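Asks: sequence first, predicted model second:
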Amino acid sequence: MQQTRPRVLSGIQPTGVGSHLGNYLGALRRWVRMQDSHDAFYFVPDLHAITVPQDPATLRRRTREAVAELMACGLDPARCTIFVQSHIPEHTELGWILSCLTGYGEASRMTQFKDKSARNELGSASVGLFNYPILQAADILLYQADQVPVGKDQQQHLELTRVLARRFNSQFGETFTVPEPYAVHEAARIADLQDPTKKMSKSLPPAGTIGVMDDPAAIRKRIKAAVTDTERDIRASEDKPGVTNLLTILAAVSDTTIEQLEKEFAGSGYGDLKNAVADAVVAELTPIRERFGELMADGTAVGEALTAGAHRAREVAGPTMQAVRERVGFLPPASAPEWHF
């Protein structure tokens, strides 16, 4: 069947039940919507996860949990392709080929490696950490993705992907789609509840973070303890980052605007705003937490989704790698006249 919708690809690390409200509002809800407008490929990059030490049993559990969480948030295997990176061997094969087209200087300028180098932290870093932006490029190019949702922290990696696609096409002939960034809506940026000058992150103390799988009591406690300021008016402004963050969360969860909320809460106190935010977030996340529990107890749904996803992913990855192998100059297996998938 001819591809008519633009293809989009994105992934989320297997940190287990670890997505927070910022991930959900900034990425996962958008992924759900894109299932109907795009040929959507979503994957769990477990190969990237092992650039730092991992316990094998924990990695397997967290990978399964990550898939269950994506499905609980609304990703439907019938409407998108969900797969695990290590299930598709073409990722590592293309990653190696692209690494042979990447200059050492290019790779060393990638943000994470450059930052570690500046802090003299490379002693414990693996070669995998150095190479992972190239594997990330392979992840994208393997599926001929037209668009890749990226935030500011990933723009450099997408640009490397674009450079490598053009370089391969120039040297070996037109093979890869050069992907474009899919713009992320600015309103989706959610800040830490205790330090609203910083983006919500699992690397910060837990008191400022709302987990997608948190129970209602924990959600309400953290929102009620959120930092505001000494003034009492409810408005969004640079000098009121805490209040602005609460308004941003409520606007995103309720699909309204900050301007509308400012009018609605005119004359109200911070307690009223926090109660409204807590009610809205609990209502949004409770069905996700319940669905996640069902999927983890089911024992078959996640596996069936990944089986179907791997089959679909290889339907796209296989022909891409066949073209790459032929154009690079690799001989096909002696036992067969052509590649089989």
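Replies: Structure received.
Asks: how about low-confidence regions in the stretch 151-300 of the chain?
Replies: Counting by pLDDT under 70, the stretch 151-300 of the chain has low-confidence residues at 151-153, 183-188.
Asks: now with 90, please.
Replies: Counting by pLDDT under 90, the stretch 151-300 of the chain shows low-confidence ranges at 151-157, 181-189, 201-205, 229-232, 255, 299.
Asks: ok, which stretches of it are helices?
Replies: 155-172, 216-224, 241-254, 258-264, 270-298 (DSSP state H, counting those that start in this stretch).
Asks: buried stuff in stretch 196-203?
Replies: Within stretch 196-203, the residues scored as buried using 16 or more other Cβ atoms under 10 Å are Pro196, Lys199, Met200. Placement of C-beta: from N, CA and C, glycine included.
Asks: thinking again about what came up before, winner for burial among the helices of the stretch 151-300 of the chain?
Replies: helix 241-254 (a mean of 22; mean count of other Cβ atoms under 10 Å).
Asks: that helix versus helix 216-224: what angle between them?
Replies: Orientation check (axes from the mean of the first three to the mean of the last three Cα atoms, to 10 degrees): helix 241-254 against helix 216-224 gives 140 degrees.
Asks: so which elements touch helix 241-254?
Replies: Here helix 241-254 touches helix 258-264, helix 270-298, going by 3 or more Cβ pairs under 8 Å, 6 or more residues apart in numbering; DSSP states H and E.
Asks: which one of the ones you listed lies closest to Gly173?
Replies: helix 270-298 (43.8 Å; Cβ to Cβ).
Asks: after that closest one, which helix or strand is next? Please name it.
Replies: Downstream of helix 270-298, the first helix or strand assigned by DSSP states H and E is helix 301-328.
Asks: count the residues that sit near Ser108.
Replies: 11 (other Cβ atoms under 10 Å).
Asks: list phi and psi for it.
Replies: phi -70, psi -20 (degrees, to the nearest 10).
Asks: what would the helices of the stretch 151-300 of the chain look like in a markdown table with distance to Glu90?
Replies: Below are the helices of the stretch 151-300 of the chain laid out as a markdown table (distance: least, Cβ to Cβ, whole Å):
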| stretch | distance to Glu90 |
| --- | --- |
| helix 155-172 | 15 |
| helix 216-224 | 41 |
| helix 241-254 | 36 |
| helix 258-264 | 44 |
| helix 270-298 | 28 |
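Asks: tell me which of the ones you listed sits nearest to Val316.
Replies: Here helix 155-172 is closest among those (Cβ to Cβ), at 15.6 Å.
Asks: returning to what we had before: closest one to Leu47 among the helices and strands packed on helix 241-254?
Replies: helix 270-298 (23.4 Å).
Asks: chain center to that closest one: distance?
Replies: Taking the mean of its C-alpha atoms, helix 270-298 sits 21 Å from the chain's own mean (Cα atoms, centre = their mean, to the nearest Å).
Asks: confidence score at Pro337?
Replies: For Pro337, the pLDDT comes out at 54.
Asks: can you give me phi and psi for Pro149?
Replies: According to degrees, to the nearest 10, Pro149 has phi -70, psi 120.
Asks: could you report the neighbour count for it?
Replies: So Pro149, with other Cβ under 10 Å, has 18 neighbours.
Asks: how about it, nearest residue that isn't a chain neighbour?
Replies: Leaving aside its sequence neighbours, Pro149 sits nearest to Tyr182 (Cβ to Cβ, 6 or more residues apart in numbering; 4.4 Å).
Asks: distance check, the one you found against Asn169.
Replies: 21 Å (Cβ to Cβ, to the nearest Å).
Asks: mind splitting the protein into its structural domains?
Replies: In terms of domains, the chain is parsed into 7-187+299-328, 191-295 (source: automatic domain parsing).
Asks: for Ala334, find the nearest of the ones you listed.
Replies: Taking the domains of the chain one by one with Cβ to Cβ, domain 7-187+299-328 is closest: 14.1 Å.
Asks: so for that closest one, first residue to last residue, what's the gap.
Replies: Domain 7-187+299-328 has an end-to-end distance of 25 Å (criterion: Cα to Cα, to the nearest Å).
Asks: sec struct for Gln144, please.
Replies: coil (DSSP: H, G, I helix; E, B strand; the rest coil).
Asks: again, but for Leu98
Replies: Leu98 is classified as helix under three-state DSSP.
Asks: what count of nearby residues applies to it?
Replies: 26.
Asks: pull stretch 127-147 out as CSV, backbone CA atoms only.
Replies: Coordinates of each C-alpha in stretch 127-147 appear next as CSV, following Å, rounded to 0.1, in the frame of the first residue of the first chain:
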residue,chain,number,x,y,z
VAL,A,127,32.3,4.2,23.5
GLY,A,128,28.6,3.6,23.3
LEU,A,129,27.9,7.0,24.8
PHE,A,130,30.2,8.6,22.2
ASN,A,131,28.4,6.8,19.4
TYR,A,132,24.8,7.0,20.5
PRO,A,133,23.9,10.1,18.4
ILE,A,134,24.9,8.1,15.4
LEU,A,135,22.7,5.2,16.4
GLN,A,136,20.0,7.7,17.0
ALA,A,137,20.5,8.8,13.4
ALA,A,138,20.1,5.2,12.3
ASP,A,139,16.9,4.9,14.3
ILE,A,140,15.4,7.7,12.3
LEU,A,141,16.8,7.1,8.8
LEU,A,142,15.9,3.4,8.9
TYR,A,143,12.2,4.2,8.8
GLN,A,144,12.4,6.9,6.2
ALA,A,145,10.8,9.3,8.7
ASP,A,146,9.5,12.5,7.3
GLN,A,147,9.2,14.2,10.7
